[in-house]
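> Sharing a model prediction with you, sequence too.
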Amino acid sequence: MLWLAVCALALALLGLLAYRLPLSLSSSLQARAEPSGSWAVALGLGLGPIAFTAIAAHGVEPFLTCHLFGKQLARLPLSRWLRRSAQKPDPREPGAPTKKVDLSRLERAIARFFQHLDPLETLWAWWEKERIFEVRSLELDVEYSFRDVALTGQILAGLCMLSGVLPDRYVINQTPGWASEDRLALTADGRFRIWPVRLVVDVLGFVLKQTAVARRSAVPVKRMTQTP
């Protein structure tokens, strides 16, 4: 029984430290779109010796990789997690029934969780929230040009105005082009601090709140449909 008490105490101390101490997180985003229609997006997240990379490109199935000390541990396809691709019929067989991808129990649980999660609303809820998420630095380099030269000028003016009102830790470097062609290249590098346990608790509370609101709003609709 003594070793059980020691394990419980150690877990409690680890949970307390994880609740109070932040973790440093680095991220990098690179995106490019060419006039030919080809495009590519790569997102990397680093947390100590662990790194996650998500890559998607024109004509290439998106995938996620996990590395530990530079060694690849796993490579997972992301297309099978997308609902639309899972329910999309085979174009080579007109009229054929839709083909569904068999998901594991864990994947189904994750899908049900994110069904009640509005990414933008959640991001706005805890962005720069005290003791949950903190932006230490965020630098954005963007090169762009459009066939509509007036649109290029509008974006140039808008980003200049945005750079003037953002805090010093946000930096925007832009290079507009005037070649009258649609082209975009974007690079973003960020350094953050997160409190993981507080973030998980806050997100779970937000999801439960959204689920309760959705259920309350669904009850009057159901009653109205049942009314003769």
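Ah, there it is.
> Going by C-alpha atoms from here, please, whenever you check contacts or count neighbours.
OK.
> what's the spacing between the closest residue in space to I50 that isn't next to it in sequence and G190?
Sequence neighbours aside, L68 is the residue nearest to I50 in space, at 4.8 Å (criterion: C-alpha to C-alpha, 6 or more residues apart in numbering). Distance, L68 to G190, using C-alpha to C-alpha, to the nearest Å: 20 Å.
> And K71, by the same measure?
K71 sits 23 Å away from G190, taking C-alpha to C-alpha as the criterion.
> Looking at the two, which one has more neighbours?
The neighbour comparison of K71 against G190 (other C-alpha atoms under 10 Å) goes to G190, with 18 against 11.
> Kindly indicate whether that one is helix, strand or coil.
strand (DSSP: H, G, I helix; E, B strand; the rest coil).
> For it, list the residues it contacts.
Residues near G190 by C-alpha atoms under 8 Å, 6 or more residues apart in numbering: 26-28, 135-139.
> so how far is S28 from it?
From G190 over to S28 the distance is 6 Å, taken as C-alpha to C-alpha.
> Repeat that for G37.
Taking C-alpha to C-alpha, one finds G37 at 23 Å from S28.
> Same check on P167?
Distance from P167 to S28, by C-alpha to C-alpha: 20 Å.
> Which of these two has more residues huddled nearby?
Between P167 and S28, counted using other C-alpha under 10 Å, S28 has the larger neighbour count: 18 against 9.
> So L25 lies in a strand, does it not?
Yes. Applying three-state DSSP, one finds L25 inside a strand.
> tell me which residues form a beta bridge with it?
Beta bridges link L25 to F192, judged by DSSP bridges.
> where does A179 land in three-state SS?
coil.
> surely it meets R147?
Yes. Using C-alpha atoms under 8 Å, A179 is in contact with R147, at 7.5 Å.
> P62: what's it in contact with?
By C-alpha under 8 Å, 6+ apart, the contact list for P62 reads 54-56, 77-79.
> Whichever strand or helix holds I55 pairs with which strands?
According to DSSP states H and E, I55 maps onto strand 50-57. Strand pairing for strand 50-57, determined by DSSP bridges: strand 39-47 (antiparallel), strand 60-68 (antiparallel).
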